[in-house]
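*Asks:* Below is the structure, and that's it, no one-letter string:
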Ligand SMILES: Cc1ncc(C[n+]2csc(CCOP(=O)(O)OP(=O)(O)O)c2C)c(N)n1
Ligand SMILES: [Mg+2]
């Protein structure tokens, strides 16, 4: 028998398991490659004029690409501080929903923010962590997410609602659920590596003034 025709006998080879779940959108044998821009658009589709805070780099670039709105705050320079800003806003405006989008490298640099969010328990604050496994913006160096379980860290910090969807359909459900839940929520989602194609050119002063005007009610 030609070598290529030999059956693969590794126990890890999924097709050897005759009881394996039938592939479907719900139950993927091969994980779906999710894209930050697509997921960002899906989050925005559930919002109207809510404030959205985006972390340095790609989180902000893809928020800009999805919809550049005056209620968007594009964090510059500081890794991991979008969630701290979002927390402050959520505490000041407990009747509003607030969304924060951040890369996993940034979250890992400011893990204390998860514990502070859990402790302060803002009424309606959703943090979406886009985990591409790298510091994409600076050349895709691997982050500690290769080892660290960020969803488990969020749960351990005391965040009451933590989701780790592995398909787009599950991500959609998590967003809807999290936006309708009371108390803080975190979604950790594995995405493809790479940088956003479109970059905003806003400077810090412009971002601040436009945002403040955008969230004046
Ligand atoms: C304290 C600090 N160290 C390094 C940098 C340089 N830097 C800017 S963005 C970035 C990567 C951010 O990674 P992540 O949050 O995972 O987002 P990604 O680029 O993967 O979308 C780094 C290392 C910085 N801005 N601040
Ligand atoms: Mg990253």
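*Replies:* On my side now, so go ahead. Values in this document were obtained by computation on a predicted structure and should not be read as measured data. Ligands and ions are numbered 1, 2, ... in the order given.
*Asks:* so where is this protein shaky, pLDDT-wise?
*Replies:* Screening the chain residue by residue with the criterion pLDDT under 70, one finds the ranges 1-32.
*Asks:* could you pull out the strands for it?
*Replies:* Counting by DSSP state E, the chain forms strands over residues 51-54, 72-74, 98-103, 125-131, 134-135, 141-142, 161-163, 185-190, given from the N-terminal end onward.
*Asks:* For residue 64, find the nearest of these.
*Replies:* Evaluated over the strands of the chain, closeness to residue 64 peaks at strand 72-74, with 6.7 Å, by CB to CB. C-beta coordinates here come from the backbone N, C-alpha and C atoms, glycine included.
*Asks:* Distance check, the closest residue to residue 78 other than its chain neighbours against residue 163.
*Replies:* Residue nearest to residue 78 in three dimensions, not counting chain neighbours: residue 56, with 6.4 Å by CB to CB, 6 or more residues apart in numbering. Relative to residue 163, residue 56 is positioned 23 Å away (CB to CB, to the nearest Å).
*Asks:* Would you mind naming the residues that bridge with whichever residue of the chain sits closest to ligand 1?
*Replies:* In the chain, the residue found nearest to ligand 1 is residue 103; the distance is 2.4 Å by CB to the nearest ligand atom. For residue 103, the beta-bridge partners are residue 130 (DSSP bridges).
*Asks:* what does this structure put close to ligand 2?
*Replies:* 103-105, 132 (CB under 5 Å from the ion).
*Asks:* can you do 8 Å?
*Replies:* In this structure, the chain approaches ligand 2 at residues 58, 103-106, 130-137, 143, 145, 193, judged by CB under 8 Å from the ion.
*Asks:* Show the buried residues in these.
*Replies:* When neighbours are counted using 16 or more other CB atoms under 10 Å, those contain these buried positions: 58, 103-106, 130-137, 143, 145.
*Asks:* Of all the residues in this structure, which one is nearest ligand 2?
*Replies:* Across the chain, the shortest distance to ligand 2 (CB to the ion) belongs to residue 103, at 3.8 Å.
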